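In: here's my sequence, what's the structure:
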Amino acid sequence: MEDELSQIPGRIKEFREILEISAIDMAKDIGLDYETYVKYESGELDIPISALYKIAHRLGADTTVLITGEDPRMEHASVCRKGKGVRIERYPGYEFSSLAYNFKGRTMEPLLVFLDPGKEEAAPVFHSGQEFNYVVEGAVKVTVGGREYVLAAGDSIYFDARLPHGQSAVKGPASFITIIQE
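Out: Presented below is the predicted three-dimensional model:
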């Protein structure tokens, strides 16, 4: 899926140019400084999922189109078989699989996240909306607004995603389902 991830910046640039939106206007419209936006679009910086949502919204596109290059097709129900979600490594140690990528007009983003405890923790992120995490396997440390919660398999947390937050594996590999509602 590394190839898919590396193609996202080019898709964004192509959409933006087709719609005749300048990079300066795009950055302003989604609330980013120009330098950061240009680094996202060039692939120099990884694009946080929250920025990807904003970019897709501004372009009038589904995030699936930016990630895979294809439109979602399902309107009434979308089944995602085990191991068949669109899988992307966001950064070393944090990989996710989109579980509803093929559903048109979705208002939530369910992801299955895989954490590798051998990798360095990523910087906290924040975005609009709310987020739900349910631990499937292992133990996950969830940090929300500077407070840490250690969750075991079967535990869950729901929080205000505008607060800086992040997840990391505790002791061994872990996975959790997150549902993001922007």
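
In: quick one: residues in contact with stretch 162-173.
Out: Contacts to stretch 162-173, defined as C-beta atoms under 8 Å, 6 or more residues apart in numbering, come from residues 93-94, 113-117, 121-129, 131, 133, 137-146, 150, 159, 176, 178. (Glycine included, C-beta is placed from N, CA and C.)

In: run the last query once more with 6 Å
Out: 115, 117, 121, 124, 126, 138-145, 150 (C-beta atoms under 6 Å, 6 or more residues apart in numbering).

In: same question for stretch 29-36.
Out: Contact with stretch 29-36 is made by 24, 27, 54, 58, as judged by C-beta under 6 Å, 6+ apart.

In: for the chain, what spans make up the helices?
Out: With DSSP state H as the criterion, the chain has helices at 2-18, 23-29, 34-42, 49-59, 63-68.

In: relative to Asn102, which of the ones you listed is closest?
Out: For Asn102, the closest of those is helix 63-68, at 7.0 Å, according to C-beta to C-beta.

In: report the lowest-confidence entry in the contacts of stretch 29-36.
Out: Across the set of the contacts of stretch 29-36, Lys54 stands lowest in pLDDT, at 88.
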